[in-house]
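K.L.:
I'd like to go over a predicted model; first the sequence, then the structure.
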Amino acid sequence: MAGGHEKNAAKMREVLQSRLFGVSDECHGTRNILESHKSACSKLRGVLEQTVLDGRGQSVLIIGPSGAGKTWVINQVLRELHGSRDSKNAFIKVYLNGLIHTDDRLALLDVARQLHVEGGEVDEKIVNLSFASALDYLLEAVRSGSNANKSLVFVLDELDLFAQHKNQMLLYNLFDLTCTDRNPVAIVGTSRRTDVVELLEKRTKSRFSNQQILLLTDFTFEEYQLLFKSLLSVEE
């Protein structure tokens, strides 16, 4: 009996964690409250479809305070694209977070891992080559493999923190990819700072398509209560 309770408790923790961290869409109450984000989802999907379906590089920033639904919007749109017949299996998502990837080389190693380009030779090239050359090496490995025809969607959480890296090498080179004819690349950045664009160096800003989606937390207290009640409620 005790084992059954432990298993149920573990399952409950898993469900609640998936909801709270935005990776589950089963919480219908949350979806209803976030109806105001339909416009944001529509705009983001339009941007990503230009890359995934039409092969055109794009970049967009989603700006809003903590709790505004930035992650929810991104996950929702990516789920929709994965579920669409036209775009299913047509792209690879690469996720980087400015709080975690505090060094450009560290970020590049994680890009290699997420693109399934790994091994001692890869690590050596990333360490010894210039940043641009190392990134080109990774993309060439993708182009020569089974994912050759897939688009790349880079999600850069806390993008303003990446802007603090020396010479903005990561941001510059990723934004530069959106301006080339190689693998179609989309950059989706998030930030709590409304002045995030002003943090970009001139050369980086020149490659940003200047598309922004603003999200505001305009919930009433009653809506917040309903949100948390729906998040924390588990059906028997």
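P.N.:
Good, I have the coordinates. Numbers count the residues shown, from 1 in each chain.
K.L.:
just the element for the residue nearest to residue 88 when sequence neighbours are not counted, please.
P.N.:
What sits nearest to residue 88 in space, not counting adjacent residues and going by CB to CB, 6 or more residues apart in numbering, is residue 82, at 5.9 Å. For glycine as for every other residue, the C-beta is placed from the backbone atoms N, C-alpha and C. Using DSSP states H and E, the element containing residue 82 is helix 70-83.
K.L.:
what is the burial count for the residue nearest to residue 88?
P.N.:
The number of residues packed near residue 82 is 13, by other CB atoms under 10 Å.
K.L.:
which residues in this protein form helices?
P.N.:
Per DSSP state H, the chain carries helices over the ranges 2-20, 28-33, 38-52, 70-83, 104-114, 120-128, 131-143, 159-162, 169-177, 202-205, 221-232.
K.L.:
for the third one, packing partners?
P.N.:
Packing contacts for helix 38-52, counted by 3 or more CB pairs under 8 Å, 6 or more residues apart in numbering; DSSP states H and E, involve strand 58-63, helix 70-83, strand 91-97, strand 151-157, strand 185-191, strand 211-214.
K.L.:
and if we set it to 6 Å?
P.N.:
Helix 38-52 is packed against strand 58-63, helix 70-83, with contacts defined by 3 or more CB pairs under 6 Å, 6 or more residues apart in numbering; DSSP states H and E.
K.L.:
so residue 169 sits right up against residue 130, yeah?
P.N.:
No - the pair residue 169 / residue 130 is not scored as a contact, 8.8 Å apart, by CB atoms under 6 Å.
K.L.:
in the helix holding residue 82, what's buried?
P.N.:
Going by neighbour count (16 or more other CB atoms under 10 Å), the buried part of helix 70-83 is 70-78, 81.
K.L.:
quick one: contacts for residue 209?
P.N.:
With contact taken as CB atoms under 6 Å, 6 or more residues apart in numbering, residue 209 is in contact with 58-59.
K.L.:
is it true that residue 163 touches residue 199?
P.N.:
Yes - if you go by CB under 6 Å, residue 163 and residue 199 touch, sitting 4.1 Å apart.
K.L.:
the two - which one has more neighbours?
P.N.:
For residue 163 versus residue 199, neighbours defined as other CB under 10 Å are more numerous around residue 163 (22 against 18).
K.L.:
pLDDT wise, what is that one at?
P.N.:
Per-residue confidence (pLDDT) for residue 163: 96.
K.L.:
that one and residue 175, how far apart?
P.N.:
11 Å (CB to CB, to the nearest Å).
K.L.:
out of the helices and strands packed on helix 38-52, which gets nearest to residue 207?
P.N.:
Relative to residue 207, the nearest member of these by CB to CB is strand 58-63, separated by 7.7 Å.
K.L.:
list the neighbouring strands of that closest one plus their orientation.
P.N.:
Paired neighbours of strand 58-63 in the sheet (DSSP bridges): strand 185-191 (parallel), strand 211-214 (parallel).
K.L.:
all set, thanks.
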